[in-house]
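Q: give me coordinates for this.
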Amino acid sequence: MEELVKLVVAKTSISEEQARGAVNTVVGFLKEKLPAPIAGQIDGVLSGSGVGDALKGLGGLFGNK
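A: This is a model prediction of the structure:
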């Protein structure tokens, strides 16, 4: 998540605190709106782990197993 916060700071020139708040808001929104199998993988993806599992979840979402 730190990488994403830094990217938001660089792209928008807002403070790190504001960027962290924006990222947390978007992540919360995604967790609320995405199907449970994918929403459950968001933290892992943001920490750099769990990317493979998240991609598998996306495949299942589109009919692949």
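Q: report the contact partners of the spatially most central residue of the chain.
A: Central residue of the chain (C-alpha atoms, centre = their mean): residue 42, 4.8 Å from the mean position. By C-beta atoms under 8 Å, 6 or more residues apart in numbering, the residues touching residue 42 are 27, 30, 31, 34, 54. C-beta coordinates here come from the backbone N, C-alpha and C atoms, glycine included.
Q: now for residue 23, how many residues are close by?
A: Taking other C-beta atoms under 10 Å as the criterion, the count of residues near residue 23 is 18.
Q: residue 6 is in contact with that one, correct?
A: No - the pair residue 23 / residue 6 is not scored as a contact, 10.0 Å apart, by C-beta atoms under 8 Å.
Q: tell me the buried residues in whichever helix or strand residue 5 is part of?
A: Assessed by DSSP states H and E, residue 5 sits inside helix 2-12. Residues of helix 2-12 classed as buried by neighbour count (16 or more other C-beta atoms under 10 Å): 5, 8, 9.
Q: pLDDT at the second one, what is it?
A: So that's residue 8. pLDDT for residue 8: 95.
Q: also the one 5 residues further on?
A: As predicted, residue 13 sits at a pLDDT of 91.
Q: any idea how far it lies from residue 2?
A: As judged by C-beta to C-beta, to the nearest Å, residue 13 and residue 2 stand 18 Å apart.
Q: residue 16 too?
A: Residue 16 is 10 Å from residue 2, by C-beta to C-beta.
Q: ok, now residue 38?
A: When residue 38 is compared with residue 2 (using C-beta to C-beta), they lie 22 Å apart.
Q: can you count the residues close to residue 13?
A: Residue 13 has 9 neighbours, counted by other C-beta under 10 Å.
Q: wait, what's in contact with residue 19?
A: 5, 6, 8, 9, 12.
Q: err, residue 18, not the other one
A: Here residue 18 is in contact with no residues (criterion: C-beta under 8 Å, 6+ apart).
Q: tilt between the longest helix along the chain and helix 2-12?
A: The longest helix of the chain (DSSP state H) is helix 16-33. Here helix 16-33 points in a direction 120 degrees away from that of helix 2-12 (axes from the mean of the first three to the mean of the last three C-alpha atoms, to 10 degrees).
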